[in-house]
Each structure stands twice: as C-alpha cells, then as structure tokens.
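Peer 1: sharing a model prediction with you, sequence too.
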Amino acid sequence: MEQAHVVMILFILQGHIRVLLSLGEPLSKAGLYVTFVNTNQNHKRLANLQALTTHFPNLHFESISDGLPDDHPRTLFQDFFEGMKTKTKPNFKELIVSLEKKSENGLCPPITCIIGDGVMSFPVEVADELGIPIFSFYGTSARFLWAFFNVPKLVEEGQIPFSGLEGLLRRKDLPKFCALKEIDHNMINFFVGEAFAITKTSGLILNTFDELEIDSVQNVATKCSKLYTVAPINALLQSQI
C-alpha cells in the first residue's frame, strides 16, 4: 500500500506555525509522509529544524517565496492578503507541480491531499486547479469562524457598523474590522470570501472540541462537507507516545 502524502501550507505569519506543526507531527508519527510548506522568511527562523527532522523522519520541509520584498512589514492589511493571491499562490502551485514530478520519479509518494490554513483561500484554488483533495485547518475557535459566516447577514441588515449587538453574536466575538466606524465593503467582502472558501473543501479540521462550544461547532458544520474537531491539538502527539 502506497504511503499517504499530505502537503500542509500555513498562513505566512509566524504565530500560525506552531499550531499547524502540532497537527503535522502526529500525522508523520502515524506513518504519513508530510510536507510542511513555509515561507522562505519563516523557514529561516525555524531554529530546531534539524531536531524536528531527526525526531520525525516522515516530516519534510519546503519553503516558497511569499512574493514580498524582505523589508515588507507583513502586517495584516488588505493589500497584504490580496498579495498572497497574486504572488504567493503561483509559487505554491509551482511547488505542488514540482512535488508531483518528484513522485513520478519515485522521490516521494504522490500527493494524497493538501491541508491549508483556513484563513487564506489560495490553497483551495490551487488544489481545485490541480484536482487534489484539500482540507482546511482553522486554528481559532468555531465561534470566531461562525462570526465570519454571519457577517454578510449583519451588513445586509445594517447592523455593521454598530454601537452594540445582542442575541446573534457578542461584539467581542466579531472580527476587528466589524467594529470600524465606517464600513469598508471591499475589506469585508475580501475577508468573508476567504472564510467561505472553507465551504469548497473536502472538510474542515477545527482546533476546538465539541463540549467547549457545541452550538458553534454544529453551526459551522452546516457550512462544511465534513467537520473534524481535534483540540487540544498539542495533546495529539502525546496520545501516540
């Protein structure tokens, strides 16, 4: 039986590395061939890379350019996110194609699926273009993701921007851009579109557990073909040791 090959692509900010790596480590320990894709800048900062590859021989690391100059602040502005679609996406697609060629030459197993960080949609687009199954991984709560799914309704009803909201969602549950004094519809449409890309995947892996927020988990499940709750994610590896 051929070894399964999972390609994991994370959001390019450093805070997303540890949580997605905590999923990749137990997958590799279970015998899957895992390719962990990072940006060139973040890849250089992985000081324990040699120790990781020694401890997890099925865990392999690749890096791509995010298409931004080295001195770019990489702050969370709309142009930064939009740049991922025009600059990071083609580099990721090129890597996937190169991995497929390597598999044809017997240098690695064929790609079974991609797991993409759920805050960006371009991995979903690449997977669709190349005919590869993809799952989204969302590292924050189900409640936060459910807030994104409700933003279009709140805009339509004129409840965003708002001075306060009771019932459907608490103000603190909403993404920060929903509390702006003036609505930037382009920004809202962009971020909501990124979230809704999850609905086009083969499934969603969510960093929570049912007992913690069962209502939000059930609500999010209505938007996904399959939903897997895996928290506490840092305990996954411990359960295999």
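Peer 2: Structure received. In this text, all values refer to a predicted model and were calculated from it rather than measured experimentally.

Peer 1: quick one: the helices in the protein?
Peer 2: 17-29, 40-44, 49-55, 78-83, 89-104, 122-130, 142-156, 185-196, 214-221 (DSSP state H).

Peer 1: looking at it, Met120 is touching Ala195, isn't it?
Peer 2: No - assessed by Cβ atoms under 8 Å, Met120 is found out of contact with Ala195, at 10.1 Å. C-beta here means a position set from N, CA and C on the backbone, and glycine is covered the same way.

Peer 1: what about Thr86, how many neighbours?
Peer 2: Using other Cβ atoms under 10 Å, Thr86 is surrounded by 10 other residues.

Peer 1: what sits against it?
Peer 2: Gly67 (Cβ atoms under 8 Å, 6 or more residues apart in numbering).

Peer 1: do you know the pLDDT at it?
Peer 2: Looking at Thr86, its pLDDT is 84.

Peer 1: repeat for Lys172
Peer 2: For Lys172, the predicted pLDDT is 61.

Peer 1: pLDDT score assigned to the closest residue in space to Glu194 that isn't next to it in sequence?
Peer 2: Once flanking residues are discounted, Glu194 sits nearest to Ser121: 4.9 Å by Cβ to Cβ, 6 or more residues apart in numbering. Ser121 carries a pLDDT value of 92.

Peer 1: give me every residue that touches Ser121.
Peer 2: With Cβ under 8 Å, 6+ apart, Ser121 has these contacts: Lys85, Gly193, Glu194, Ala197.

Peer 1: if I look at it, how far off is Lys200?
Peer 2: Counting by Cβ to Cβ, to the nearest Å, the gap from Ser121 to Lys200 is 8 Å.

Peer 1: next: Val97.
Peer 2: Per Cβ to Cβ, Val97 is found 21 Å from Lys200.

Peer 1: looking only at neighbour counts, state which of these two leads.
Peer 2: Using other Cβ under 10 Å as the criterion, Val97 and Lys200 rank with Lys200 on top: 15 against 12.

Peer 1: doesn't Pro123 make contact with that one?
Peer 2: No - counting by Cβ under 8 Å, Lys200 does not reach Pro123; the two are 11.0 Å apart.

Peer 1: shared neighbours, these two?
Peer 2: With Cβ under 8 Å, 6+ apart, Lys200 and Pro123 have no common neighbours.

Peer 1: so where's the chain uncertain?
Peer 2: 13-15, 45, 47, 73-80, 159-187, 236-241 (pLDDT under 70).

Peer 1: now with 50, please.
Peer 2: Applying pLDDT under 50 to the chain flags the ranges 164-165, 180-182, 241.

Peer 1: mind checking which residue lies nearest the centre of it?
Peer 2: Closest to where the C-alpha atoms of the chain average out (Cα atoms, centre = their mean) is Asp117, at 0.8 Å.

Peer 1: gap between that residue and Thr54?
Peer 2: Relative to Thr54, and taking Cβ to Cβ, Asp117 is found at 26 Å.

Peer 1: run a quick neighbour tally on Ile9.
Peer 2: 28.

Peer 1: now do the spatially closest residue to Asn219 that is not a sequence neighbour against Glu157, distance only.
Peer 2: Spatial nearest neighbour of Asn219, excluding adjacent residues (Cβ to Cβ, 6+ apart): Trp146 at 5.1 Å. Between Trp146 and Glu157 the distance is 17 Å, computed by Cβ to Cβ.
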